[in-house]
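# can you look at this prediction? I've put the sequence above it.
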Amino acid sequence: MGIKMDKPSGEMNLFELQNRCWSEIEKFNHEEPSDDQFCLEIFRRALVLQDEQAWDTLTQRFRRTILGWLRFHPYREAAYGLHSEEDYVALTIERLWIVTVRNQNLEFQTLAGALKFMRACLNSVIIDGLRGQIKEVALPETGLWELAAPITDEGKEFWEAIKSMLSDQRQQRLAYLLFYCNLKPRQVIQFCPEEFSDIQEIFPMKRNILDRLRNNKDRLRWLLGNADI
């Protein structure tokens, strides 16, 4: 009896791809060898081929992932005042579609890269909605969680990993503003003048924080690799 070989991902229908995509992510979450190609094929058909059914499949498969990001977003409470969770899923997919229309060559080589980009789309939707409504709170720019965004991290796990490496509370606060909220040093001064009034204080603190994170990059990677999608 011969060994049954899988069909290439490009020859699978969307139902088969969705099932294999789910199966491979489950393997990843259990630290078993996994294959990105099936999930990436769904992205390819949606983004490159502009297949409407592939877009629907993409929404169904990654709805839970988008909701996970939303529920740990630092501005989730304010965001919920604007749209429902399902609206944010739809708006994230819509933002991803708009980007692909502008850049028809957009294609991902890894699932981690695809989901990092999708996460940035959600963040962009949230920030665009809140901009102008919150005037005294520092708002992050598009690209939240700039230091790292593996496919399995959630916002809370990311911040706790960073925080655990910084014992000084002032450094923790600055790291939150710079790396979690993605603010520039001058924006930190602008939005938090009571806490940081001198930009010359921020630069050496930032260097010290980065040095500590670089020295602990293996631990950071390990911490961020333990959360499920």
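That came through, no problem.
# going forward, measure contacts and count neighbours with C-alpha atoms only.
Noted.
# now residue 59: how far from residue 75?
23 Å (CA to CA, to the nearest Å).
# wait, I meant residue 43
Noted for residue 43: a distance of 28 Å to residue 75, by CA to CA.
# what about the two, which has more around it?
residue 43 (22 against 18; other CA atoms under 10 Å).
# now for the host helix or strand of the more buried one, which elements pack on it?
Element membership for residue 43, per DSSP states H and E: helix 37-47. Contacts defined by 3 or more CA pairs under 8 Å, 6 or more residues apart in numbering; DSSP states H and E place helix 37-47 against helix 14-29, helix 52-71, helix 111-130.
# who's in contact with it?
9-10, 14, 17-18, 20-21, 51-55, 57-58, 97, 100, 104, 106-111, 114 (CA atoms under 8 Å, 6 or more residues apart in numbering).
# could you rerun that using 6 Å?
Outside helix 37-47, the residues that touch it by CA atoms under 6 Å, 6 or more residues apart in numbering are 9, 17, 21, 51, 54, 55, 100.
# what's around residue 203, how many residues?
By the criterion of other CA under 10 Å, residue 203 has 12 neighbours.
# helix or strand with the lowest mean pLDDT in the chain?
Ranked by mean pLDDT, DSSP states H and E, the weakest helix or strand in the chain is helix 217-224, scoring a mean of 62.
# mind checking how far residue 26 is from residue 119?
Residue 26 is 20 Å from residue 119, by CA to CA.
# neighbour count: those two, which is higher?
The neighbour comparison of residue 26 against residue 119 (other CA under 10 Å) goes to residue 119, with 24 against 15.
# distance-wise, check that one relative to residue 13.
Taking CA to CA, one finds residue 119 at 26 Å from residue 13.
# do the same with residue 69
Taking CA to CA, one finds residue 69 at 28 Å from residue 13.
# pLDDT weak spots in the protein?
Scanning the chain for pLDDT under 70 picks out 1-6, 29, 101-105, 131-159, 180-182, 217-229.
# mind running it again at 50?
Low-confidence segments of the chain, defined by pLDDT under 50: 1-5, 132, 134-154, 226-229.
# how about the helices and strands packed on helix 37-47, which one is nearest residue 199?
Of all the helices and strands packed on helix 37-47, helix 111-130 sits nearest to residue 199, with 25.0 Å by CA to CA.
# grab the nearest non-local neighbour of residue 27.
residue 34 (5.8 Å; CA to CA, 6 or more residues apart in numbering).
# the one you found: neighbouring residues, count only.
Other residues near residue 34 come to 15 when the count uses other CA under 10 Å.
# got it, and residue 118?
Neighbours of residue 118 under the rule other CA under 10 Å: 19.
# same thing with the one 3 residues further on?
Other residues near residue 121 come to 24 when the count uses other CA under 10 Å.
# same question, the one 3 residues further on
By other CA under 10 Å, the residues close to residue 124 number 20.
# likewise residue 93?
Neighbours of residue 93 (other CA under 10 Å): 22.
# give me the angle between the helix or strand containing it and helix 111-130.
Applying DSSP H and E as the criterion places residue 93 in helix 85-102. Put simply, helix 85-102 runs at 110 degrees to helix 111-130, going by axes from the mean of the first three to the mean of the last three CA atoms, to 10 degrees.
# so how far is helix 85-102 from its chain's centroid?
Helix 85-102 sits 14 Å away from the centroid of its parent chain (CA atoms, centre = their mean, to the nearest Å).
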